Every structure is written in C-alpha cells, then in structure tokens.
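Got a predicted model here, sequence first, then my questions.
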Amino acid sequence: MGIIEQAKKTLDAIPEGQRFSARDAEILTRHRELLLSIEDDLVKGFYDTIQGNAHMAPIISNGGARSDRETTLRRWWQRTLAGPFDDQYWGWQSLVGVVHIKVGVKNPMMMGMWTWVLEWLPTQATAEAVGSEVAARELLGAVGRLALATQAIIAESYLDNYLETVIRITGFKPALLERMFNNEINTVLAEARAQLGTI
Amino acid sequence: MRADVMTSILSELNGSTADIGASAVLSTDGLMMASMLPAGLDEDRVGAMSAAMLSLGERTARELSRGELEQVLVKGGRGYVLMAHAGPEAVISVLLKSNARLGLVFLDVKRAADSISKII
C-alpha cells in the first residue's frame, strides 16, 4: 500500500465526529496568519521542552545543532498550516512518521509534544487574539482534530513501515504476517494477563 | 475433495519410507491445506512457520545469487524438516528422522510436490 493510501485508510478509521473536516480546514486557513505569527514562541517552547527531557534531548543532539532542528520544525509548522488538506497533504504527514523512525523519535515523544502544543496554544489563541470566545474555541477544536489526525497517521505509519521492512527482507506475504499475528495473539494476551495477575 | 487427494498423496509419501515421520501441505501464506502430522503439533503454527521458512529461503537464495529455490532443509538433533514448493502457491513440509537417507527422500518429496502442484 502506498503512503497516500495508507494515510487515507487511517483517516477513514477515525470516527467521523472526531475526524479533521473541511470546516476545520476552513477555520485553520482563516486563522493561518495568527498561527504563523506565533511560530517563534512555538519553536522555542517546543525545543526547550525537548531539551529538558532526558529521553528526548539526545535525539536533538544526534540530529545536529538545535538551530537545524528548529529550522525543520519551522518548515513543518508552515507546511502543516499551508494546506490544502488533501490526500497529498496527509501522505506528507505520514512521511514525517517515516522520518521519525529514521531519527529515533518514538510515538510517545511525538504524542507528548503534540500535547505540549495543544496545551500551549490556548495561551496564544485567546479570544482577544482570535476575535471572540467562540472563534477561539473553534480554532482550538480544529487544531485538536488536526493533532489527532496527524498523530493517528504517524503512529500507524510507524507500525506499517516496521512491517513493510520485515516483508521486504523476508518476502513474507502480508496474509502470512496476518496469520502469524492471529496465531500468536491469544498467547501474547494470556501472557500479558498472567503478568498482570488478571483472568 | 482436493484436500482428500492431497491427504492421499501425503499418505503415500509417508508410507514410501520409514524415514518420513510426518508431512503437510500449506499455502504460501501459511494456511494448512492437508496434513498428516503427529498429534500435539499446532497445525496453524506449523503452517505459518513452514511458509515463513520457505519465503526466507527464497529471499536468501535470490539475494545470494543461488538461483531458484528448490528446498529448505533444517537439521536438528532429532531429525530434519524439509520444505519445498508444490507449485507457486503451495508448500510441502516433511519431518524426517535424524538418520534419514536424504537423497532418496528428496526424490520422494519432489515427486509428491509435483503431484500436488498438478491439483492446485
């Protein structure tokens, strides 16, 4: 399955009420200038948080100078807001997941930093800045669904790409991997329950 | 019907020499199609493992320029496991005793694989 199809499949699996919508795209487009204007603070806060974390800090230093990483984040933020939010766009977000695998960014780190963005954003996208309480709520809702979509796509792409490498090396058919999984999952489940002492 | 014919081929193979202890036919994605395996063996696992081994063997033969894969042979302290294609979509997997006369068994297994490939 190609990267665009993979991303589309993930998006389609998100319940419709929580899925990023055309209206969310319109809201983000309407407030793009505001979101771009907070880029400097976003980038600083983002990397201050990462540098303050013992697990994440080494990934930045392995990937070159902090300024290089900041440039990458700036590009990501600009591209994330640029739209159009079409299949190509979600395929690109999936590609970000592949880059994460390569540089060692784990899903809990990615999701943690998305949460940091979502917790920080209300301090910037205030009613005064956006125009009204309703507009601020709408914007935060749209960014929240963008975050969900991106996290889902990247997390799924992480697993899919690991499986893809196994398939490429071993030549296993996807149906064979599926069968192996189905054969073993009950054992895995029983062992997990035994470890937790539950029935 | 087809499974019955395959079982009959396996039965004949198992009876052809005392060196063969058990055998099975499975699809290349690991689905068991017919088997004459000892009780206690998990058929689903045997199917998946055999298909996986043959797939790895194929990939290894190709990457290391050994030509088309003919068979995969695993030797353990208590005998062998022999896997070979039975047509493009099926695998025959055979358990052998540790003192098996491999040359003869290879011929018998090849004959059985050819017969199976004709009915798949």
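Happy to help now that I have it. Predicted model only: the values in this text are computed from it and were never measured.

Show me which residues of chain B sit near chain A.
Chain B comes close to chain A at residues B:28-31, B:42, B:44-45, B:47-48, B:51-52, B:55-56, B:58-59, as judged by CB under 8 Å from any CB of the partner chain. Yep, even glycine has a C-beta here, placed from its N, CA and C like the rest.

And the buried ones among those residues, selectable in PyMOL?
A single PyMOL command selects the buried members of the residues of chain B next to chain A (16 or more other CB atoms under 10 Å in any protein chain shown):
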select buried, chain B and resi 28+29+30+31+44+45+47+48+51+52+55+56+58+59
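
and which of the residues of chain B next to chain A is nearest A:R23?
When the residues of chain B next to chain A are ranked by distance to A:R23 (CB to CB), B:D29 comes first, at 42.8 Å.

before we move on, what SS does the closest one have?
coil (DSSP: H, G, I helix; E, B strand; the rest coil).

likewise A:N53?
coil.

Show me the residues of chain B next to chain A that map onto helices.
Assignment to helices by DSSP state H places the following of the residues of chain B next to chain A there: B:D44, B:R45, B:G47, B:A48, B:A51, B:A52, B:S55, B:L56, B:E58, B:R59.

And the second one, what's its pLDDT?
In other words, B:R45. We have a pLDDT of 89 for B:R45.

and it, what does it touch?
A:N183 (CB atoms under 8 Å, 6 or more residues apart in numbering or on different chains).

can you check the fourth one too?
For B:A48, the contact set (CB under 8 Å, 6+ apart) comprises A:L176, A:R179, A:M180, A:N183, B:G30.

Also the fifth one?
Under the criterion of CB under 8 Å, 6+ apart, the contact list for B:A51 reads A:F172, A:K173, A:L176, B:L26, B:S27, B:T28, B:D29, B:G30, B:V91.

What is the most widely separated pair among those residues?
Farthest pair in the contacts of B:A51, by CB to CB: A:F172 and B:L26, 13.7 Å.

How about the contacts made by the residue nearest to the spatial centre of chain B?
Centroid-nearest residue in chain B: B:S93, 1.9 Å away (criterion: CA atoms, centre = their mean). Residues in contact with B:S93 (CB under 8 Å, 6+ apart) are B:S23, B:A24, B:V25, B:L26, B:V46, B:S50, B:V81, B:L82, B:M83.

A helix includes it, no?
No: counting by three-state DSSP, B:S93 is located in no helix; its state is strand.

Without its sequence neighbours, what residue ends up closest to it?
Using CB to CB, 6 or more residues apart in numbering or on different chains and skipping residues adjacent in sequence, the residue nearest B:S93 is B:S50, 4.0 Å away.

Pull the number of nearby residues for that neighbour.
B:S50: 24 surrounding residues under other CB atoms under 10 Å in any protein chain shown.

For it, give me its contacts.
Contacts of B:S50 by CB under 8 Å, 6+ apart are B:A24, B:L26, B:G30, B:V81, B:M83, B:V91, B:S93.

Could I get these in a markdown table, plus columns for pLDDT and distance to B:G103?
Formatted as a markdown table, the contacts of B:S50 follow (pLDDT from 0 to 100; distance: CB to CB, whole Å):
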| residue | pLDDT | distance to B:G103 |
| --- | --- | --- |
| B:A24 | 96 | 22 |
| B:L26 | 95 | 25 |
| B:G30 | 93 | 29 |
| B:V81 | 96 | 17 |
| B:M83 | 96 | 17 |
| B:V91 | 94 | 21 |
| B:S93 | 96 | 19 |
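
quick one: which two of the residues you listed are the most distant?
Among the contacts of B:S50, the pair separated by the greatest distance (CB to CB) is B:G30 and B:V81, at 15.1 Å.

Tell me the bridge partners for the residue lying closest to B:L73 once chain neighbours are set aside.
If the residues on either side of it in the chain are set aside, B:L73 comes closest to B:L82, at 5.4 Å by CB to CB, 6+ apart. Note on B:L82: beta-bridge partners by DSSP bridges are B:L73, B:V94.
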